[in-house]
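A.B. asks: this one's structure only:
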């Protein structure tokens, strides 16, 4: 870091302007949230909106408090988190393996191409009932749905990343006598690492979709279950509270992946 | 001088679903030890294809290529390839990039490591060995790419427009650099280019190809490599005369 004293007046002005802008943006972001929540709370308190169908921030908080006290909060979070993380991990590992196999064999890729296109365009939720019959009405089915929703995007994105690799780099390695495995491990995989991390960011979101949809279809616990249950017994407080927790969890997981991305880029000296 | 590389009646046909195209027809040529030759010709005449055949990456339809009397596809790693862009691996440091060939061939013994460090030292890159490629200038990057090739001790170097992607100023220094390194390391080289001034000022011999199907149209010898500085070579009458002759050759092939 350069000493601030060395900066010209113009540059200091530039820095100050920049800082002001950042503060304005942050304040506006917080402002929107605060105004929205207080308006919601005030309207609920004075009876302008029906709390039975709209709930209110204070009621949502007290619902979360109740859930925590009864010990249900972390139980349900744990179940959904387990399904999501497991589904995400399986989809990522399996997806990459399949992408590698399809990169390895051009013929196999051409043979399977139409099937992948169909699977990609099919709304995977449509397979829900079939999966439930095959895998039973339990957590297994939810994880399978989660994997199905997440894996296709991983396969397609990773395969594209592999195939985008510079042909001359492959030629270079071939001219040095590299075999296909060496090309894979020394060139294709490290070359695709940034792409892999950005795919992770997408598939983290997809796996949340998968596990919640799965819980909607078949479950007896989890945040998705709480949302469905709440709506069925008309406890909107519970629905909103579960949605809020879901929001927080999904953001944390996304930021964790973003941190990994930052680390990877830093390690590469970028 | 003895012949290190020999091409005999090389032809190559391209097959597509619609058609069969003759890309190269009965090309015969040779390369002597320590010799630097350039291949020029109208664009799309199959210069790069010819290099791929020499490198053993493409199989010719007919003809034979021998390196030191042996078929070229048996001589792995005896041929170094340089491309238009340096093709350094951005995630590897300079040292790791240069080691790539040794890793592939499982030749990381101390003797090769020492040779590698000597090369880096000799060509001013040793202090940059732990830097990533994006920290280097275009000229240094191309030098790293050349050393990456030299580490494998190739018998000949194939240069596929290696200066094409550089800006004018860098280009001048890189051409001088690469040319001096090749002369100093005594490597026989084949340069493919569309830039006549490059071809004539760098080579012992220039081979002019016709448009597709390409055949050898003409061959010119120069004595310019005796002059150390490339800019000085370009000021000689011999240089001007040969450039002029090649221009005429290429002009007639366009008709």
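C.D. replies: That came through, no problem. Everything numeric here is computed off the predicted structure, so don't read it as measured data.

A.B. asks: For the rest of this, base every contact and every neighbour count on C-alpha atoms.
C.D. replies: Fine.

A.B. asks: Now do the same contact list for residue 54.
C.D. replies: Just going to use chain A. Contacts here follow Cα atoms under 8 Å, 6 or more residues apart in numbering or on different chains; on that basis residue A:54 touches residue A:236.

A.B. asks: if you could check chain B rather than the one you did, that'd help
C.D. replies: With contacts defined as Cα under 8 Å, 6+ apart, residue B:54 is in contact with B:65, B:72.

A.B. asks: Up against chain A, what does the stretch 51-200 of chain B have?
C.D. replies: Among all residues of the stretch 51-200 of chain B, those adjacent to chain A (criterion: Cα under 8 Å from any Cα of the partner chain) are B:55-57, B:76-77, B:79-83, B:87, B:89-92, B:101, B:104-105, B:132.

A.B. asks: in the stretch 101-250 of chain B, which spans are helices?
C.D. replies: Ranges of helices in the stretch 101-250 of chain B, per DSSP state H, counting those that start in this stretch, are B:110-122, B:138-150, B:168-185, B:196-202, B:230-233, B:237-254.

A.B. asks: same question, chain A
C.D. replies: For chain A, the helices defined by DSSP state H cover A:9-45, A:51-54, A:57-69, A:72-104, A:106-121, A:128-135, A:139-164, A:167-175, A:180-182, A:189-217, A:223-232, A:236-267.

A.B. asks: would you list those helices in a markdown table and tack on distance to residue B:111 and mean pLDDT?
C.D. replies: Conversion of those to a markdown table gives the following (distance: least, Cα to Cα, whole Å; pLDDT from 0 to 100):
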| stretch | distance to residue B:111 | mean pLDDT |
| --- | --- | --- |
| helix A:9-45 | 53 | 94 |
| helix A:51-54 | 77 | 85 |
| helix A:57-69 | 67 | 93 |
| helix A:72-104 | 35 | 95 |
| helix A:106-121 | 40 | 93 |
| helix A:128-135 | 60 | 92 |
| helix A:139-164 | 35 | 94 |
| helix A:167-175 | 22 | 89 |
| helix A:180-182 | 23 | 94 |
| helix A:189-217 | 28 | 93 |
| helix A:223-232 | 63 | 93 |
| helix A:236-267 | 30 | 91 |
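
A.B. asks: ok, and the closest non-adjacent residue to residue 162?
C.D. replies: Assuming you mean chain A. Nearest non-adjacent residue to residue A:162, counting by Cα to Cα, 6 or more residues apart in numbering or on different chains: residue A:188, 5.8 Å away.

A.B. asks: actually it's chain B I care about, not the one you picked
C.D. replies: Across the structure, with Cα to Cα, 6+ apart as the measure, the residue nearest residue B:162 apart from its sequence neighbours is residue B:84 (4.1 Å).

A.B. asks: Check what pLDDT that neighbour gets.
C.D. replies: According to the model's per-residue confidence, residue B:84 sits at a pLDDT of 83.

A.B. asks: Now do the same contact list for it.
C.D. replies: When contacts are counted by Cα under 8 Å, 6+ apart, residue B:84 is found next to B:160, B:161, B:162, B:163, B:164, B:165.

A.B. asks: out of the residues you listed, which one sits closest to chain A?
C.D. replies: Within the contacts of residue B:84, the smallest distance to chain A is 10.8 Å, found for residue B:160 (Cα to the nearest Cα).

A.B. asks: what's the neighbour count on the closest one?
C.D. replies: 21 (other Cα atoms under 10 Å in any protein chain shown).

A.B. asks: same check, this time on residue A:72
C.D. replies: Here the count is done by other Cα under 10 Å, and residue A:72 has 15 residues near it.

A.B. asks: Kindly report the residues of the stretch 101-250 of chain A close to chain B.
C.D. replies: Counting by Cα under 8 Å from any Cα, the residues of the stretch 101-250 of chain A lying close to chain B are A:168-169, A:172-178, A:182, A:187, A:190-191.

A.B. asks: Got phi/psi on residue B:163?
C.D. replies: Its backbone dihedrals place residue B:163 at phi -110, psi 0, with angles given as degrees, to the nearest 10.

A.B. asks: these two touch, right, it and residue B:169?
C.D. replies: No. Between residue B:163 and residue B:169 there is no contact under Cα atoms under 8 Å: 11.2 Å.

A.B. asks: Between those two, point out the one with more neighbours.
C.D. replies: Comparing residue B:163 with residue B:169 by neighbour count (other Cα under 10 Å), the higher total belongs to residue B:163, at 25 against 9.

A.B. asks: which residues sit in contact with that one?
C.D. replies: Under the criterion of Cα under 8 Å, 6+ apart, the contact partners of residue B:163 comprise B:84, B:85, B:171, B:174, B:175.

A.B. asks: Can you tell me how far it is from residue B:152?
C.D. replies: With distances defined as Cα to Cα, to the nearest Å, the gap from residue B:163 to residue B:152 amounts to 22 Å.

A.B. asks: ok so, going back, which PyMOL command selects the buried ones in the residues of the stretch 51-200 of chain B next to chain A?
C.D. replies: Per 16 or more other Cα atoms under 10 Å in any protein chain shown, the buried members of these correspond to this PyMOL selection:
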select buried, chain B and resi 55+56+76+77+79+80+81+82+83+87+89+90+91+92+101+104+132
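
A.B. asks: Can you list which of the residues of the stretch 51-200 of chain B next to chain A are found in helices?
C.D. replies: When helices are assigned by DSSP H, the members of these inside them are B:101, B:104.

A.B. asks: Out of the residues of the stretch 51-200 of chain B next to chain A, which sit inside strands?
C.D. replies: Counting by DSSP state E, these place B:79, B:80, B:81, B:82 in strands.

A.B. asks: and the first one, bridged to which residues?
C.D. replies: Going back to what we said before, that points to residue B:79. residue B:156 (DSSP bridges).

A.B. asks: show me what contacts it?
C.D. replies: Applying Cα under 8 Å, 6+ apart as the definition, the contact partners of residue B:79 turn out to be A:175, B:55, B:154, B:155, B:156, B:157, B:158.

A.B. asks: just the helices of chain A: most buried one?
C.D. replies: helix A:139-164 (a mean of 23; mean count of other Cα atoms under 10 Å in any protein chain shown).

A.B. asks: now the angle between helix A:128-135 and that one, please.
C.D. replies: For the pair helix A:139-164 and helix A:128-135, the angle between their directions (axes from the mean of the first three to the mean of the last three Cα atoms, to 10 degrees) equals 110 degrees.

A.B. asks: now helix A:139-164, how far from the chain's geometric center?
C.D. replies: Relative to the centre of its chain, helix A:139-164 is centred 12 Å away, using Cα atoms, centre = their mean, to the nearest Å.

A.B. asks: Please parse chain A into its domains.
C.D. replies: Structural domains annotated on chain A: A:4-49, A:58-267, as defined by automatic domain parsing.

A.B. asks: hang on, the earlier thing: out of the helices of the stretch 101-250 of chain B, which is closest to residue A:216?
C.D. replies: Distance to residue A:216, taken as Cα to Cα, is lowest for helix B:138-150 among the helices of the stretch 101-250 of chain B, at 55.9 Å.

A.B. asks: Quick one: list the elements packing against that closest one.
C.D. replies: If you count contacts as 3 or more Cα pairs under 8 Å, 6 or more residues apart in numbering or on different chains; DSSP states H and E, helix B:138-150 packs onto strand B:79-82, helix B:94-104, helix B:110-122, helix B:168-185.

A.B. asks: Closest residue of the stretch 151-255 of chain B to chain A?
C.D. replies: Ranking the residues of the stretch 151-255 of chain B by distance to chain A (Cα to the nearest Cα) places residue B:152 first, at 8.2 Å.

A.B. asks: how much space is there between residue A:87 and residue A:209?
C.D. replies: Here residue A:87 is placed at a distance of 11 Å from residue A:209 (Cα to Cα).

A.B. asks: Adding distance to residue B:62, write the ones in strands among the residues of the stretch 51-200 of chain B next to chain A out as CSV.
C.D. replies: Formatted as CSV, those follow (distance: Cα to Cα, whole Å):
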residue, distance to residue B:62
B:79, 21
B:80, 24
B:81, 23
B:82, 26
